[in-house]
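Enquirer: Sequence first, predicted model second:
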Amino acid sequence: MKLPWLDPLTVEFPDTHHALSEPNGLLAAGGELSVPWLLAAYKRGIFPWFNEGDPILWWTPSPRMVIYPHQFHISRSLRKALKKGGFSVTINNKFHDVITACAKPRRGTLFDDESATWITHSMEQSYLALHQAGFAHSIEVWQQDKLCGGLYGVAIGHVFFGESMFSQMTNGSKIAIAHLVEHLKQWQYKLIDCQVHNDHLSSLGAIEIDRLSFEQIIQQNTTKLDLISSQPEWDTQDITLDTNYWLSRST
């Protein structure tokens, strides 16, 4: 099957059932990484992923790995770190620093299971624009005013689409996602998209669902208004949960 080439002047994707099974979920090439293209993609469960020098490639794998916030699992080691404290967690305080850290080659963590070299300069600039438009967001973990971990992703409606994480301290990225999950639960988010399977995510309660089920959840939890306005839950703020919170939280 010939891979469809998308006209940059027309924001339009093929039906997702045309995605290839090998490589899993490859749907199309071309288009742009502008805010309208990215919003249209995420609204349909499509995301860009490509290496430096390659054309833009758009993906919608099946099965899809997701976390239902109320099914998030905290391991014994993570619970110990959360109870111990000694860190603070913020939202949208240093988005640029988070995506820059995620772009550095390293052993993949959570959302990206391979060495994280896929965040090209063009990808970085595109997600910065999406952040400025109010749709891409970061979680930062701090120790003594030093950024030691974090993640970023895209929020549309009541779905959070995770993109990448980084950690420069033990459990740094897991502390970030634990706080993200609790924050999303407060705002009644239904799903965290983790894209593809990896063992780290499985240990946190992530499961795989088929593409159709994933798309139905997106459709049920997003509206046209979600594409033109940001939400107050993403205002810059401190979301650190103290030791007493984690002591009271059931497993």
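Expert: Here it is on my side, so go on.
Enquirer: from what I can see residue 104 touches residue 168, true?
Expert: No. Applying Cβ atoms under 8 Å, one finds residue 104 not in contact with residue 168, separated by 10.0 Å. Any C-beta I mention is one placed from the backbone N, CA and C, and that applies to glycine too.
Enquirer: These two - which one has more neighbours?
Expert: Set residue 104 next to residue 168 and count neighbours by other Cβ atoms under 10 Å: residue 168 wins out with 16 against 11.
Enquirer: quick one: that one and residue 125, what's the gap?
Expert: Applying Cβ to Cβ, to the nearest Å, the value for residue 168 to residue 125 is 23 Å.
Enquirer: so where is the protein shaky, pLDDT-wise?
Expert: Applying pLDDT under 70 to the chain picks out residues 1, 106-117, 228-230, 250-251.
Enquirer: so what strands line up beside the longest strand along it?
Expert: What stands out as the longest strand in the chain, according to DSSP state E, is strand 146-156. Strand pairing for strand 146-156, using DSSP bridges, gives strand 136-143 (antiparallel), strand 159-167 (antiparallel).
Enquirer: and the longest one, how far from the chain's centre?
Expert: Between the centre of strand 159-167 and the centre of its chain there are 3 Å (Cα atoms, centre = their mean, to the nearest Å).
Enquirer: Please apply the same query to the first one.
Expert: Taking the mean C-alpha point of strand 136-143 and that of its whole chain, the gap between them comes to 12 Å (Cα atoms, centre = their mean).
Enquirer: what about stretch 69-78, start to end distance?
Expert: 16 Å (Cα to Cα, to the nearest Å).
Enquirer: Just the buried positions in that stretch, please.
Expert: Buried residues in stretch 69-78, defined by neighbour count with 16 or more other Cβ atoms under 10 Å: 69, 72, 74, 78.
Enquirer: quick one: which of those is nearest to residue 59?
Expert: residue 69 (23.7 Å; Cβ to Cβ).
Enquirer: Does that closest one touch residue 183 like I think?
Expert: No. The pair residue 69 / residue 183 is not scored as a contact, 9.3 Å apart, by Cβ under 8 Å.
Enquirer: which residues do these two both contact?
Expert: Shared contacts of residue 69 and residue 183, defined by Cβ atoms under 8 Å, 6 or more residues apart in numbering, are absent.
Enquirer: Which secondary structure state is assigned to residue 192?
Expert: Taken by DSSP: H, G, I helix; E, B strand; the rest coil, the conformation at residue 192 corresponds to strand.
Enquirer: Which residues does the helix or strand encompassing residue 97 contact?
Expert: In the assignment (DSSP states H and E), residue 97 maps to helix 95-103. Residues outside helix 95-103 that contact it (Cβ under 8 Å, 6+ apart) are 112, 116-117, 119, 124, 127-128, 131, 136-140, 147, 150-152, 163-166, 168.
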